[in-house]
Each structure stands twice: as C-alpha cells, then as structure tokens.
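Undergrad: the following block contains a protein sequence and its predicted model.
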Number of protein chains: 2
Amino acid sequence: MESRRATIKDVAEAAGVGVATVSRVLSGGSASPETRERVLAVAAHLDYRPSALGRNLRQRRTGGMGLFVPDLTDTFYGQLAEGVLACARSAGEPVVLGSTGDDLEQEAELVGMLLEQGVDRVIAVPSGGAETWAPAIKAGMTVVFADRLPSDAPFDVPSDRDSVSRGVSDLMLLDGLPPASRTRPLDVPAVLADDRAGIRTAVRYLRGLGHRRIAFLGGPGHGRRVAAFREAVGAPVDEDLVVFATGSRDSAYAAASGLFQSRPDLTAVVTGGNVLGEAAVLAARELDLRVPRDVSLVMYDDVPWAELCSPPLTVIAQPGRDIGYRAAELVLRAGSRRPRSVLLPTELIVRGSCGPRH
Amino acid sequence: MESRRATIKDVAEAAGVGVATVSRVLSGGSASPETRERVLAVAAHLDYRPSALGRNLRQRRTGGMGLFVPDLTDTFYGQLAEGVLACARSAGEPVVLGSTGDDLEQEAELVGMLLEQGVDRVIAVPSGGAETWAPAIKAGMTVVFADRLPSDAPFDVPSDRDSVSRGVSDLMLLDGLPPASRTRPLDVPAVLADDRAGIRTAVRYLRGLGHRRIAFLGGPGHGRRVAAFREAVGAPVDEDLVVFATGSRDSAYAAASGLFQSRPDLTAVVTGGNVLGEAAVLAARELDLRVPRDVSLVMYDDVPWAELCSPPLTVIAQPGRDIGYRAAELVLRAGSRRPRSVLLPTELIVRGSCGPRH
DNA sequence: CATGTGCATGGATACGTTTTCAAGCATCTC
DNA sequence: GAGATGCTTGAAAACGTATCCATGCACATG
C-alpha cells in the first residue's frame, strides 16, 4: 500500500495527453474544453497533487516566505506570527519559521538556511543590522521588516499625527517623507507601529498626572522607542532613568529591579515591551512598591494578561496581528508593486496602573 | 550586480573536477585529500551553497518538518514552538509553521500543503481525528503528536506515578503499557504531559483544602484532562460542573461566566488551559467573586503571567518547551529507530489562588 | 609479469515540473 | 483556392542535485 504519489506523467498517460497539456490545464493555461475536463477528471481520480519540489526547481525559487521573530514566548510576537500566517494561508503559501532570540549570529544563520532552501522572501523582526541584511538583499531576497528597523538604522522615522493611518486601510507612506528619513542604509520596506506617537502619548499622560521623574525600561530593538521617549521628556534627559535589558526574562527582571533600587525617587516607568512590563510588575512587588500608589506603570504592547494584573495595566497597544498581516501582504506583493512602508497607529489604553504622583 | 547563485556545476568547473566529485566532497563521501581541499576552497571562494531545491527533488523529499499548533497567541504553544525550533536548529532543518485555530478543515488543508511541499514530517497538536491524520500517514508522512492526542483517540492513556519520568532525561514508554492503551486508531508516537497525574494532584490538593464542588473548565483538546478530572473526583460527577468552551477567548470567557452564574455554589475551578484560566479570572472579577476567598482556582499551564495575577495563580505546570523539543527529536529520528511515545511529568505549583473552602 | 583489489573520478541519468518551440489543424480573408 | 491567422498540442529542454556505473590508476598478490 506504499504507492508513491502520482506525477504529472502518470496523469498525462492516463489521460492520453502530453505532460505539457496537463501542466497547462492545471495552471490555468489554454486548452480545449474536452481535454481540460478529461485531464481534470483523471487528476482528481489519481489524487494528483503537483509537487512543489519540481515546480520550485524549475522556476528557481521556492514559494512561501520566512518569518523571523525574536521569541515566540513573547505574546506580542505570537500575535504578529498569527497575522503573518493568516495572510499566508489566504495566499496558499507556506511559512518557514525562525526564532532568533535577538541574536545576530542566529539570525544570520537563519538567513543562510532560507537562502539554501530557495526561500526568497522573508519578513523579519530584525536583530542585526546592515551586516546581516545587506548580504541577504544582495542575494536577491525580498525583505520586509516588521515591528522594528535594524539596529543601525537611524531612529528618526517621523510620525505625524495627521498622516498616521487611523484605520487599517489607510497607511502612511514613508516614501513621501523628507529625505532625512530615507538615509536608512537598507532600502527595505517595513511595517511598524507608530512608536513615537505611542510613547509621546504615554509620556504626556504621565506628565498630566504630575510625574516628573519618569523612567524608561527598554530591551533589544527598542531603539526607536527610547528615542521617542527622550524626545517626549525633552532635554535634559536623566540618563540614569533610561535602562536596558537583553531579551531574556531574567535580564529584564534584573534591569527593573536595579532601576527601582538605584532610583527610588522615580515615580513612573514606561516599558518598551511586555516582557519588560512583566518584569517591572514583579520587581515592584518584590520591593514592596505599590502600583500605582508608589510607582505608575505604562507598558508597551497590549496583551491579554495586562487586564489580569491588579491593578490592570495601562498599556500602549499596537496591532500585532495587523503588523504581521500587512508585512506578509507587502512581501507577497513585492515585485508587482514597489512595496512601501507602513506605519500603523498605536493606542493608549488606560486601565489602572497609573495614578497621580504622590 | 545581480549574479545568480553559484551551482555545483560552477564549482566543478572552477575546481577542474566533475560535479559528482563536488557532490561527494560536500556530502562527506570519499575523495582524495588534495581534491577535497581544492573543492572546498573553490566552494568557499564562490560562496557556494548547495540548493535544497535540487537536492530535495533528487531525493524526492524535502528536509525539514511541519509544525501545527492551534494558536500562537497562547503562550503555551509559543513555548512548545520554541522547543521545536531549538531542536530543528541544532539539526539544521527548516520548520514550516501552521496555525490551525483548532479547526479540522484548516488542519486538513495544512496537511495538504505540506504534502505538496514534499515535507514528510510533521509534529502536530492535532485538532481533527483519524479522518485528518490517517490520509497523511498513508501518504507516507511521519507524524508525531504533541500535547494532545487526536480527538477520537481513547482517553485512557494511563499514567502511573512511579513510571513517569521525574527528569527530562527519563521517559515513559507507552509501548510498555497494557494493550488497552494501544487501541489508539492511529499508531503515531506522541509527546504528552502527564495530564492524569497533574489533574489528580490538583484535585487532591483542592480536596485537601475542603473543596467538594469542584468544576472543570475545558476547551478543545482537553479530552484527556477532563477524563482525568472525572476519574479524580470520582463518581458521581456533577455534570453541570464540567463545561467546555471553543478555542476563542470570547468563548472561554462566556463559558467561565456562565459556569459561575449557573452554579454559585461551586467553590473551586480547575481550568484545562491557560486561556481558560485567564477567562476564569476575568469572569470571577466581573462577578465580584474573590480569588481565593470565594472561589479557588487551579490553571493548567504555567505561564509567566500566572505570577503576575493577584493572587498569583496556582498552576499545573507542564514543560511546554521540552514537549516541543522531544517531539522534534522523535520526528527527526523516525526511520532510524521506531519512535516511542513520551510522557513528561507535570508539577503542581502552589501560589496563591487556592484557599480553604468557606 | 599477469591478475586482482581498492579507490578516486567523471559521465550520465533521474527527480517532477514549467516553458519554449514548432507542428498540426481548422477557420478566416482576399 | 492560397495564404494567413488562431488555437491546441506534444516533444524537448532546462532547473541543481545525488547516485549509479564504468573507467582508469596504483598497488598488492599470485
């Protein structure tokens, strides 16, 4: 019962036509109605499925796309991945997944693997910079960045409240921006959340509550967010209040705990991602800091459990699923249309983790 | 600058040898030391990377493996996926990802896609039953189930406290079990957590706190867990206390809320997964039920945010990452060794969401 | 010296598909 | 009726690799 799958040749023979005809019929080419019907019937009868291997070899490219995220344990990237998968499924394309762990070498290795596999499209939450991605692009890959830009890109992608899309259908075209914003060394389209507006809104909100010593807790890839934070709080920035962790939960906790201990005078914290938000809540609890009485907290990313905390966390929501979906759309459309970057709106969701300064 | 990638032919020419020799050198076949060195040097110089397309076509199979999970937004499946990716990376194999949404049709469709892609190995958290997986297996795929068995499998996979591995390195071989447990219609290896022991421990714990009316909140794929629950509470089971939701968060919330409202006399709840745990916390809060004063809660899955809740959630931890890693190991080793199923230990982590009955 | 053994080597083939090309045929146009 | 035009069709050539097989060579054995 171990019969190998039927090939196009089998179908051709059984239908009494040439393989070329079968190929044409199946890929929508022209054929006489009767031939078409016969081929279709035979194919169905033999349960024939064209082999992607053969096709890919012939056209020198695998369909499908790569997807690189730093960590699937981070709910936000789970949302992003779901978005990518949704779009890919509707296009019938496979997605090969890679988890970079925010590590340059792993990322480079994964790029190599895609190249080897003939996958020439990738949507990536980049960890490395030009040194990782320039080779990939030179090798002919279509790259779309999601959620972040490479670490060595300038962080000055501007956001203008009026030009940011309000719905999923509108979008802001980075291409229309002043030249300064196009100095990115890599000319790669990106799908980003409007970090600048999100951070600015959060900082203003905290300011409005009377907070003056506001800290920022960042992680890998939060360059644009920390830049926005600096801009929002205005000079001079108290550099002790801007701390960074690596991607791990341990490091995040250490950074949060260290921050609280070294600067007990801070009254509010903005975290650049949900893992850092989690760490901040944990560290605050451990140090007997009450939220929001002793310290106010705004977390980047709206995740389901933000509402479960007590108090529920005030967050800057970014549309993770949409980011993924749009990125997949871009990477699929590349070639036909010159893809353009997209900036999606963020939203400050006020729950209970912020209070007036005491 | 748009030169296409070097092929084996280019390498052969540049090295002054035949393509067969190059192929042998690169795949570890025999060759004279000097030839080998020359070929290697030329290959490195040309930045040659063997095309997986050509190789796959030749050997009529794509390397790599498929990975099907119900929902990447569920942290547990994120952990599982990370485990699979870790193993796959160390083997240098690509992973193509599919999100089934606990939907049979999507799952079947994804299987079809893998088949088409020539991916003949898949590790799946199955949604469908034999009707989905029998065809895949007959088509020659190597399947390994993770976290669950197909819905129409008998739920009697036994667990014996003594035979369950205590560490990651030990494992229980289902093959050594009495025939009754091998009536599974599909002879497919699986990597599971010891749901029965986990649920039993939780129920006993709640019993010890004085709880008598304990409810179970289940979702898709929780068949083995609910069976274990029934067994643990013993006959007669109050059927109103066993409720199910579909995979969505809305459905989970509705089920939890409905449960609390229809049976205000219940004093404890065990949820079959973290999404349901989240829903239970939310619903309880909405109904002004205090945890653990009014209702005790044990959630399946230890996720980072379980500790963030107040009170922190008492959970049944299962090693998501290990499950994924082991499953990937099994699917990679299949063929060389007849793979056997694995049962990994669970652990009741007592935090603050359970209290004595009032 | 003749024969056998072992190894390194390269030519040729096959994997399953798409696409090009020319041929066959019917219909239309002048 | 001859030529042009359009459509359908199948043979054949790639795509890049792994592997079978035959060849040639060096060396050991008789």
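TA: Good, I have the coordinates.
Undergrad: let me see the contact set for the residue of the stretch 151-300 of chain A found nearest DNA strand D.
TA: Residue of the stretch 151-300 of chain A nearest DNA strand D, by CB to the nearest atom of the strand: residue A:188 (25.0 Å). Heads up, the C-betas are built off the backbone N, CA and C, glycines and all. By CB atoms under 8 Å, 6 or more residues apart in numbering or on different chains, the residues touching residue A:188 are A:133, A:137, A:143, A:144, A:145.
Undergrad: in chain A, which helix has the most residues?
TA: Ranked by residue count, the top helix of chain A under DSSP state H comes out as helix A:75-91.
Undergrad: quick check: angle from that helix to helix B:75-91?
TA: Inter-element angle recorded for helix A:75-91 and helix B:75-91: 80 degrees (by axes from the mean of the first three to the mean of the last three CA atoms, to 10 degrees).
Undergrad: residues in contact with whichever helix or strand comes after helix A:75-91?
TA: Once helix A:75-91 ends, the next helix or strand along the chain (criterion: DSSP states H and E) is strand A:95-99. When contacts are defined by CB under 8 Å, 6+ apart, strand A:95-99 is touched by residues A:64-72, A:81, A:84-85, A:88, A:106-107, A:110, A:113-114, A:117, A:119, B:64, B:67, B:81-82, B:85-86, B:89, B:94-98.
Undergrad: what do you get if the cut-off is 7 Å, keeping everything else the same?
TA: The contact list for strand A:95-99 (CB atoms under 7 Å, 6 or more residues apart in numbering or on different chains) reads A:64-69, A:71-72, A:84-85, A:88, A:110, A:114, A:117, A:119, B:82, B:85, B:94-97.
Undergrad: strands paired with it, and their directions?
TA: As defined by DSSP bridges, the strand partners of strand A:95-99 come to strand A:65-69 (parallel), strand B:95-99 (antiparallel).
Undergrad: any bit of the very next helix or strand once past it sitting next to DNA strand D?
TA: Sequence-wise, the next helix or strand downstream of strand A:95-99 (DSSP H and E) is helix A:104-117. No. Residues of helix A:104-117 are not located near DNA strand D by CB under 7 Å from any atom of the strand, the shortest gap being 8.8 Å.
Undergrad: what's helix A:104-117 packed up against?
TA: Helices and strands touching helix A:104-117, by 3 or more CB pairs under 7 Å, 6 or more residues apart in numbering or on different chains; DSSP states H and E, are strand A:65-69, strand A:95-99, helix A:130-138.
Undergrad: so the first one versus helix A:130-138, what angle?
TA: Okay, so that is strand A:65-69. On the basis of the same axes, to 10 degrees, strand A:65-69 is oriented at 170 degrees to helix A:130-138.
Undergrad: can I get strand A:65-69 in PDB, CA atoms only?
TA: Below are the C-alpha coordinates for strand A:65-69, written out as PDB (Å, rounded to 0.1, in the frame of the first residue of the first chain):
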ATOM      1  CA  MET A  65       8.200  33.100   3.000                       C
ATOM      2  CA  GLY A  66      10.400  33.100   6.000                       C
ATOM      3  CA  LEU A  67       9.300  34.600   9.300                       C
ATOM      4  CA  PHE A  68      11.900  35.600  11.900                       C
ATOM      5  CA  VAL A  69      10.800  36.700  15.300                       C
END
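Undergrad: centre of the chain to that strand, how far?
TA: 9 Å (CA atoms, centre = their mean, to the nearest Å).
Undergrad: swap in the second one?
TA: The gap between where strand A:95-99 is centred and where its chain is centred comes out at 12 Å by CA atoms, centre = their mean.
Undergrad: neighbours of whatever residue of the stretch 251-358 of chain A ends up closest to chain B, just the number please.
TA: Nearest residue of the stretch 251-358 of chain A to chain B, counting by CB to the nearest CB: residue A:305, 3.8 Å away. For residue A:305, the neighbour count with other CB atoms under 10 Å in any protein chain shown is 23.
Undergrad: follow-up on the earlier one: which pLDDT value belongs to the residue of the stretch 151-300 of chain A closest to DNA strand D?
TA: Residue A:188 is assigned 91 on the pLDDT scale.
Undergrad: which element is it on?
TA: Using DSSP H and E, residue A:188 sits within no helix or strand.
Undergrad: measure it to residue A:145 for me?
TA: 6 Å (CB to CB, to the nearest Å).
Undergrad: and if you look at residue A:267?
TA: In terms of CB to CB, residue A:267 sits 35 Å off from residue A:145.
Undergrad: those two - which one has more neighbours?
TA: residue A:145 (25 against 20).
Undergrad: look up the closest residue to that one, ignoring the ones flanking it.
TA: In space, and not counting its chain neighbours, residue A:145 is closest to residue A:190: 3.9 Å by CB to CB, 6 or more residues apart in numbering or on different chains.
Undergrad: now do the same for residue A:164: its pLDDT.
TA: At residue A:164, the model reports a pLDDT of 43.
Undergrad: and residue A:181, by the same measure?
TA: On pLDDT, residue A:181 comes in at 45.
Undergrad: again, but for residue A:129
TA: 87.
Undergrad: does the nearest residue to it once chain neighbours are set aside sit in a helix, a strand or a coil?
TA: Using CB to CB, 6+ apart and skipping residues adjacent in sequence, the residue nearest residue A:129 is residue A:152, 3.5 Å away. Here residue A:152 takes the coil state, with states given by DSSP: H, G, I helix; E, B strand; the rest coil.
Undergrad: TSV please, covering the contacts of residue A:188 and showing pLDDT.
TA: Converted to TSV, the contacts of residue A:188 look like this (pLDDT from 0 to 100):
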residue	pLDDT
A:133	94
A:137	91
A:143	95
A:144	97
A:145	97
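Undergrad: list the buried residues for stretch A:81-96?
TA: Buried residues in stretch A:81-96, counting neighbours by 16 or more other CB atoms under 10 Å in any protein chain shown, are found at A:81-89, A:93-96.
Undergrad: what's the offset of that stretch from the middle of its chain?
TA: Its chain's C-alpha centre and that of stretch A:81-96 lie 13 Å apart, by CA atoms, centre = their mean.
Undergrad: and stretch A:314-322, by the same measure?
TA: 12 Å.
Undergrad: check which residues of stretch A:132-151 are buried.
TA: A:132-133, A:136, A:139, A:141-151.
Undergrad: nearest to chain B among those?
TA: Nearest to chain B among the buried residues of stretch A:132-151: residue A:139, at 7.1 Å, using CB to the nearest CB.
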